[in-house]
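S.K.: starting from these lines, generate the structure:
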Amino acid sequence: MRGQDGATTEFVVAFPAFFFLIMVVVQFALWLHASHVAQAAAQEGARTARVASAEAGEERAQRFLDNLAPSLITNRQVSASRGSDAARVEVWGDATSLIPGFGAFRVHEISTGPVERFRPEDEG
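M.R.: Have a look, this model is predicted:
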């Protein structure tokens, strides 16, 4: 039969490990959420770049990130390009870190799509 001292010792040893495990799960969830937000911003920027211009797509992705998650992704960068056939927007940055001593959790997402071309209807 264990005494009170044995239960206290087990708690002192097990609690930090259990707390660290919870923090790892929460950190993974934050990184996953940041990844989804970056993907949504890249898609929103690519939609705009397909119709308008690369600069408009880049600005739209930045505004999307500013409005949706201003502090979730730090050190973020947005890059957009548009050629004659395709538009591309890249979003990357660092997800917020909860665990002290761990490095940055990088997020990098890309969205591409064909450039919209509006042609007049054939009259015939």
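S.K.: any chance you could map the strands in this structure?
M.R.: Listed in chain order, the strands found in the chain under DSSP state E are 73-82, 86-95, 105-114.
S.K.: orientation of the first one relative to strand 105-114 in degrees?
M.R.: Here the directions of strand 73-82 and strand 105-114 differ by 20 degrees (axes from the mean of the first three to the mean of the last three Cα atoms, to 10 degrees).
S.K.: list the buried ones in strand 73-82?
M.R.: Taking 16 or more other Cβ atoms under 10 Å as the neighbour-count basis, strand 73-82 is seen to contain the buried residues 73, 76, 78, 79, 80, 82. In this view, the C-beta of every residue, glycine as well, is placed from N, C-alpha and C.
S.K.: which residues touch the second one?
M.R.: Shown here is residue 76, whose contacts under the criterion Cβ atoms under 8 Å, 6 or more residues apart in numbering are 38, 65, 91, 92, 93, 94.
S.K.: what pLDDT does the second one get?
M.R.: Put plainly, it is residue 65. Per-residue confidence for residue 65 comes out at a pLDDT of 96.
S.K.: the fifth one too?
M.R.: As predicted, residue 93 sits at a pLDDT of 96.
S.K.: where's the closest residue to it other than its chain neighbours relative to residue 16, distance?
M.R.: Once flanking residues are discounted, residue 93 sits nearest to residue 76: 3.3 Å by Cβ to Cβ, 6 or more residues apart in numbering. From residue 76 across to residue 16, the span is 33 Å (Cβ to Cβ, to the nearest Å).
S.K.: could you say what helices and strands the longest helix along the chain packs with?
M.R.: As assigned by DSSP state H, the longest helix anywhere in the chain is helix 4-51. Helix 4-51 sits against helix 54-68, strand 73-82, strand 86-95, strand 105-114, with contacts defined as 3 or more Cβ pairs under 8 Å, 6 or more residues apart in numbering; DSSP states H and E.
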